[in-house]
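Enquirer: Could you work out the structure for the sequence below:
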Amino acid sequence: MSLDPIVLRGVLHETIWGGDHLATLLGKAIPPATKVGEAWETALDAVAINPPYDGRTLGDLTTELGVRLYGTRAQAVMGDRFPLLVKFLDAHAWLSVQVHPDDAYAATHEGGKLGKTEAWRILHTQSHAQIIHGFAGPTDRAAVARACQDGTVEQLTAHVPVHPGDVILNPAGTIHATGAGIVLYEVQEYSDVTYRLHDFGRTGPDGQPRQLHIDQALDVLDYAPPPRHTQRAIPIGPRDQTGMEDRHAHMLVACTHFALLEADLSDGFPLRRITDGASCQIVTVIAGDVELSWGSLNAPKGMPLGVGETVVLPAEPDTFHFTPDGEAGDAAPRLLIAWVPMPDDPAVGAWQAAQT
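Expert: Below you'll find the model as predicted:
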């Protein structure tokens, strides 16, 4: 029998820069007087909340189900591990100015870990919200080293205003930081390797300045300005031989490690997702309510999903349908769908061509 989808309870992380927006905007169960900065939706210790997986962690299921869960393409790109970490972030204050290494550097210097390329879809902003994304102009290692030493590295970076709906790609090597007043969705390689260059003089729980990683950062930084700060979404056309379309779906970003699609079900048209063994698909509801259905005509299955919930569709071949599940006047459902793409995926090629 085919594998059922896996609905996960995201793991909440308290941070010095977090707040309570993940509760008010996304329905996360945040304890009182707690500053939560991140909800790791596909953390390996995230617990499944639907049968037949209830109470099992994603890590346990990954070990048990292997390539049936994460897929052959994901295995080829990321190895035998769950490939992608999806998060929500609530930045009530600036995050550190940081950079992530690529896979080769992390494998050599971080004990075989993956590097980290990541992308953001901005969900909510307060007025004048901005991020740091790349250097403002060409620079070099010596100049950045001097700036880190005298505390002026921010002056070398590009400060970019952002608004809900914006999409930012941070390839490994890109200096970046999330500004105050931003709630975002992030998809990334499953890696925790971060090198801080500047942390605004903050201290950790022990009262000491948080650790910086200047030497490692200087090793991995891309010193050229990025070609663009926000990405161009493109509409998706027919997806199979029946002519069926991903109605109101747009490819937001695509690279070797992941693709990210946004689907709007405002007209009630169901969205069909087909898994073919290449990669699992991680589906997150960012607005409205949907009904997920799958299985045969003789044995149909289904479950409701609300805003802020994430479900993993196993890579093993199957067909899944998402249908609006609300009353008139409710928010139109919107879904974000992440997976590890095949290199010859025409939608990926079209997106990459549109960025030039």
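Enquirer: Tell me how far the spatially most central residue of the chain lies from residue 116.
Expert: In the chain, the C-alpha nearest the mean C-alpha coordinate belongs to residue 187, at 1.4 Å (CA atoms, centre = their mean). Remark: distance between residue 187 and residue 116 (CB to CB, to the nearest Å) = 11 Å. C-beta here means a position set from N, CA and C on the backbone, and glycine is covered the same way.
Enquirer: Helices of this structure, start to end?
Expert: Listed in chain order, the helices of the chain (DSSP state H) span 21-24, 58-65, 67-70, 72-78, 103-109, 141-150, 214-220, 346-354.
Enquirer: in the last one, what counts as buried?
Expert: It stands for helix 346-354. Using 16 or more other CB atoms under 10 Å as the test for burial, helix 346-354 gives 347, 348, 351.
Enquirer: what does the longest one give?
Expert: For helix 141-150, a neighbour-count test (16+ other CB under 10 Å) marks 144, 147, 148 as buried.
Enquirer: Now pLDDT and distance to residue 125 too, for these, in TSV please.
Expert: Shown next, in TSV, are those (pLDDT from 0 to 100; distance: CB to CB, whole Å):
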residue	pLDDT	distance to residue 125
144	98	28
147	97	27
148	95	28
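Enquirer: Could I get these in TSV, plus columns for distance to residue 258?
Expert: Output for the buried residues of helix 141-150, formatted as TSV (distance: CB to CB, whole Å):
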residue	distance to residue 258
144	28
147	31
148	30
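Enquirer: Looking at those residues, which is nearest residue 256?
Expert: residue 144 (26.4 Å; CB to CB).
Enquirer: Count the residues that sit near residue 313.
Expert: 25 (other CB atoms under 10 Å).
Enquirer: State the distance from the residue found closest to residue 97 once you drop the neighbours it is linked to in the chain to residue 208.
Expert: Distances taken as CB to CB, 6 or more residues apart in numbering place residue 198 nearest to residue 97, at 4.0 Å, with adjacent residues excluded. Distance, residue 198 to residue 208, using CB to CB: 16 Å.
Enquirer: out of the two, which sits in the busier spot?
Expert: Taking other CB under 10 Å, residue 198 and residue 208 do not tie; residue 198 has more neighbours (22 against 8).
Enquirer: Settle this for me: that one is touching residue 213, isn't it.
Expert: No: in this structure, residue 198 is not within contact of residue 213 by CB atoms under 8 Å, at 10.9 Å.
Enquirer: Residue 308 versus the nearest residue to residue 22 once chain neighbours are set aside, what's the distance?
Expert: Counting by CB to CB, 6+ apart, residue 22 lies nearest to residue 28, which is 4.2 Å off, once chain neighbours are set aside. Here residue 28 is placed at a distance of 6 Å from residue 308 (CB to CB).
Enquirer: Pull up the overlap in contacts between those two.
Expert: Common contact partners of residue 28 and residue 308 (CB atoms under 8 Å, 6 or more residues apart in numbering): 22, 39, 88.
Enquirer: can you put those in a markdown table and add neighbour count and distance to residue 121?
Expert: Below are the shared contacts of residue 28 and residue 308 laid out as a markdown table (neighbours: other CB atoms under 10 Å; distance: CB to CB, whole Å):
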| residue | neighbour count | distance to residue 121 |
| --- | --- | --- |
| 22 | 23 | 15 |
| 39 | 25 | 14 |
| 88 | 26 | 10 |
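Enquirer: And for this structure, the residue most distant from the center?
Expert: Largest centroid distance in the chain under CA atoms, centre = their mean is residue 298 at 35.7 Å.
Enquirer: Need the pLDDT of that one.
Expert: Here, the pLDDT recorded for residue 298 equals 83.
Enquirer: try residue 27
Expert: 95.
Enquirer: Please look at it and residue 289 and confirm they touch.
Expert: No: assessed by CB under 8 Å, residue 27 is found out of contact with residue 289, at 11.0 Å.
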